[in-house]
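1. Quick one: sequence and predicted model below, then my questions.
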Amino acid sequence: MTLGVIAFVVALLVSIMLHEAGHFATAKRFGMKAPQFFVGFGPTIWSFRRGETEYGIKAIPAGGFVKITGMTPLEEVEPGDEDRAFYKQPAWQRTIVLAAGSFMHFVIAFALLFAVLAVIGTPKLVPTVNTVSACVPAKLTTQPTAQVCSALPPSPAKAAGLQHGDEIVAFDGQPIKDWDALTAKLQKHGPGPVTLTIVRDGQRSVRTVDLVPAERPSETDPKVMQTVGALGVTATEVADRMDPLAAVAHAGTGFGRLTTATFGALGNLPHAVGNLFHATVDGGQRSSDGLVGPVGIARVSGEALAQGGTPLFDRIGTFVLLIAGVNVFVGIFNLLPLLPLDGGHLAVLGYEEGRRRLYRLVGRRDPGRVDLTKLLPAAYLVMVLFIGLSVLLLLGDIVNPIANPFTG
């Protein structure tokens, strides 16, 4: 789990660095002066200068920043740099620079989704035997322990001699393409004898198995239990990788779902804050679907990579999807029209441009830039609220940690 937490911290720092790189690259592209690019805050640990920019690492790994000369008219600009100040540039250039940070988060999220689909792969069950049960209890909730199986006959798979690695390619002579198809045929057939064609070490053979009755959830309604034919095997999980074009399309769909979920989470924020310290009835831990802070996300990420008995590709894919979701959330949150977020600066810029065009339309002189000193109290209030929310999230993640979503 420790490795997963470290991986989350590294992934978060890389995301922040790329966020700042978006601001930096676009500012430099438009000729603005950017004298500093740092990862972290506080005292400088290490830095070097290339051209007019100082790059480096600071002591507190809690973010990063790019200093762009003249981000506001309140900032002092060194003589000779006036024409390169941020606030002197055209509105469209300033808009791109301000939005570039969130745009980078969206690029990161899309790239991670694509990587899961096309490179890492998503879990897929195939009709290859993973384990053979000693027996088949009638109830799904009953585990086939040695004590339970001592009172039951061997499972049909065990009695027929099926082994780990056997590929089931046909059911009563009908070809089987995937695990779902095999499950459907088992449920439709019900208890009784059936022939299975298996491939073991490249050799085909036909086995007759006598399926036993067992209660399983219905395919049409998982809440309804029905008696089906049970074989007594578990499927093998493999990585299913899409071709690049299909992965692009599905990554777009996944990005849309993450975006919708983020807006839903933001809209439910007041209610979610109220539930931070509410324990659930099943064990006293709050749901991982609610509001979660960095500590909680780090813990979930660590548990994702530490899932016992889960294939490595599946654990890595789950971790990568978590990082993609975090990037979508941060990207959208950063665009909220609140100072000091980038979205707040974009809102001020949009207001200035809208007012300028309106004044020009009615033949009046451009009133100029917004007096940011009048907005400072609102910005300070937002910062206080953010700090308060961060403290609440930290306390909630420690005092009332979220339930492990990878157990049960």
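-> Received, thanks.
2. for Gly302, what are its contacts?
-> Gly302 sits next to Met1, Thr2, Leu3, Gly4, Val5, Phe8 when contact means C-beta atoms under 8 Å, 6 or more residues apart in numbering. Heads up, the C-betas are built off the backbone N, CA and C, glycines and all.
3. so it is in which element?
-> Per DSSP states H and E, Gly302 falls inside helix 294-305.
4. tell me the mean pLDDT over that helix?
-> Averaged across helix 294-305, pLDDT comes to 78.
5. Ok, stretch 157-172 next?
-> Across stretch 157-172, pLDDT averages out at 94.
6. who touches that stretch?
-> With contact meaning C-beta under 8 Å, 6+ apart, stretch 157-172 is reached by 126-135, 153, 175-176, 182, 185-186, 189, 194-200, 204, 207-210, 231-233.
7. Alpha carbons only: can I get that stretch in CSV?
-> Listed next in CSV are the C-alpha coordinates belonging to stretch 157-172 (Å, rounded to 0.1, in the frame of the first residue of the first chain):
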residue,chain,number,x,y,z
ALA,A,157,-15.5,-29.9,-12.9
LYS,A,158,-13.4,-31.8,-10.4
ALA,A,159,-15.2,-35.1,-11.1
ALA,A,160,-14.6,-34.6,-14.8
GLY,A,161,-10.9,-34.0,-14.2
LEU,A,162,-10.8,-30.3,-15.4
GLN,A,163,-7.6,-28.5,-14.5
HIS,A,164,-6.2,-25.0,-14.3
GLY,A,165,-5.5,-23.7,-17.8
ASP,A,166,-8.1,-25.8,-19.6
GLU,A,167,-9.8,-23.8,-22.3
ILE,A,168,-13.5,-24.5,-22.7
VAL,A,169,-14.2,-24.0,-26.4
ALA,A,170,-17.6,-25.7,-26.8
PHE,A,171,-20.7,-26.5,-24.7
ASP,A,172,-22.8,-29.4,-26.0
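8. Pull out the buried residues from the contacts of Gly302.
-> Neighbour counting by 16 or more other C-beta atoms under 10 Å classes Gly4, Val5, Phe8 among the contacts of Gly302 as buried.
9. Check whether the first one really touches Ala306, as I assumed.
-> Looking back up the chat, that one is Gly4. Yes. Applying C-beta atoms under 8 Å as the test, Gly4 and Ala306 come out as touching, 5.8 Å apart.
10. Pull the number of nearby residues for Lys139.
-> When neighbours are defined as other C-beta atoms under 10 Å, Lys139 has 10 of them.
11. nearest spatial neighbour of it, skipping sequence neighbours?
-> Nearest residue to Lys139, sequence neighbours excluded (C-beta to C-beta, 6 or more residues apart in numbering): Glu215, at 5.9 Å.
12. For whichever helix or strand the one you found is part of, which strands pair with it and how are they oriented?
-> Using DSSP H and E, Glu215 falls within strand 203-217. Sheet pairing of strand 203-217 (DSSP bridges) gives strand 192-200 (antiparallel), strand 225-230 (antiparallel).
13. Alpha carbons only: can I get it in CSV?
-> In CSV, the C-alpha atoms belonging to strand 203-217 read as follows (Å, rounded to 0.1, in the frame of the first residue of the first chain):
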residue,chain,number,x,y,z
GLN,A,203,-5.0,-31.1,-27.5
ARG,A,204,-8.8,-31.2,-27.8
SER,A,205,-10.9,-33.6,-25.8
VAL,A,206,-14.6,-33.9,-24.9
ARG,A,207,-15.7,-34.4,-21.3
THR,A,208,-19.1,-35.2,-20.0
VAL,A,209,-20.0,-33.4,-16.8
ASP,A,210,-23.1,-33.7,-14.6
LEU,A,211,-24.1,-30.1,-13.7
VAL,A,212,-25.5,-29.7,-10.1
PRO,A,213,-28.2,-27.3,-9.0
ALA,A,214,-27.2,-24.1,-7.4
GLU,A,215,-28.8,-20.7,-6.7
ARG,A,216,-27.4,-17.9,-8.7
PRO,A,217,-28.5,-14.3,-9.6
